[in-house]
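**Student:** Any chance you can model this:
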Amino acid sequence: MFTQDELIERYPRNAEPTLRVNFIASVDGAATVDGKSGGLGGPGDKQIFDTLRMLCDALVVAAGTVRAENYDALRLDEGRRAWRRTQGLPEFPLMVVVSASLELDPAQLIFSDAPIRPLVVTRKGGTPPPGLTDVAEIIELGDGDVDLAAMVAVLHARGATQVLCEGGPHLLGALVAADLIDELCLTVSPLLAGGGAGRIAAGPDGPPRRMALRGILSGDDMLFLRYARSR
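**Tutor:** Numbers count the residues shown, from 1 in each chain. Down below sits the predicted model:
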């Protein structure tokens, strides 16, 4: 549907540190179908999903999404690894899992099959399940809630300045509340989902943040939007 070069141009790595989030929703605002986002997707959305992973330095996802979507290890195909090598980047981005409760399964492929050791970011005082410290590095940030601003600072200090977040809604809501989002990539799926599915963001209300439209693509009745923080 789209060429890789076209998507790299439309969703560039930025010169400045950037936290980019990527979500999908139905035309009536549902973030999931039958509890999962996969029922909303299509070929074009998958292309953009894979390209954004290729372009990032670190991929951040909430533990609930890891469990609900049964995340595999972050293994790019050889073509995308080759592109990263030509750009002077590590072959694989860093996988980062945000979990306040540390309710994670070390045997899940996201950990057990990871090409590089994932990072688990949690709040202070948590007790990891047996085996988790064998397959992931755990960093404690924040007392009551995970300190997401501190997490971003840690990633930047490690050289991961292009950060991608894939979910879930509570993590997105917390990032909005902390005013950390620089870009939102949103796929609008041509479905009327109805029912009780939630929005892409969940959490406390906050002051609106103005975003500027930076790109529009379409295909198979799907709309692919890229918004950036309005300066």
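**Student:** Quick check: chain neighbours aside, which residue is closest to Leu7?
**Tutor:** Spatially, and ignoring its direct neighbours in sequence, Leu7 is nearest to Thr51 (4.3 Å; CB to CB, 6 or more residues apart in numbering). From N, CA and C alone the C-beta is placed, and that goes for glycine too.
**Student:** residue contacts, that neighbour?
**Tutor:** 4, 7-8, 11 (CB atoms under 8 Å, 6 or more residues apart in numbering).
**Student:** Are any of these buried, and if so which?
**Tutor:** The neighbour count (16 or more other CB atoms under 10 Å) marks 7, 11 as buried among the contacts of Thr51.
**Student:** As JSON lines, the contacts of Thr51 with distance to Ala107 and pLDDT would be great.
**Tutor:** Conversion of the contacts of Thr51 to JSON lines gives the following (distance: CB to CB, whole Å; pLDDT from 0 to 100):
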{"residue": "Gln4", "distance to Ala107": "34", "pLDDT": "94"}
{"residue": "Leu7", "distance to Ala107": "34", "pLDDT": "97"}
{"residue": "Ile8", "distance to Ala107": "35", "pLDDT": "97"}
{"residue": "Tyr11", "distance to Ala107": "33", "pLDDT": "97"}
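**Student:** any chance of the contacts of Thr51 in CSV, plus secondary structure and distance to Arg199?
**Tutor:** As requested, the contacts of Thr51 are exported to CSV (DSSP: H, G, I helix; E, B strand; the rest coil; distance: CB to CB, whole Å):
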residue, secondary structure, distance to Arg199
Gln4, helix, 31
Leu7, helix, 26
Ile8, helix, 29
Tyr11, coil, 23
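**Student:** where exactly do the strands run in this structure?
**Tutor:** Using DSSP state E, the strands of the chain run over 18-26, 58-62, 94-98, 119-122, 137-140, 162-167, 183-189, 211-219, 222-229.
**Student:** To Asp113, which of those lies closest?
**Tutor:** strand 94-98 (10.9 Å; CB to CB).
**Student:** Tell me which other helices or strands that closest one touches.
**Tutor:** strand 58-62, helix 63-68, strand 119-122, helix 148-157 (3 or more CB pairs under 8 Å, 6 or more residues apart in numbering; DSSP states H and E).
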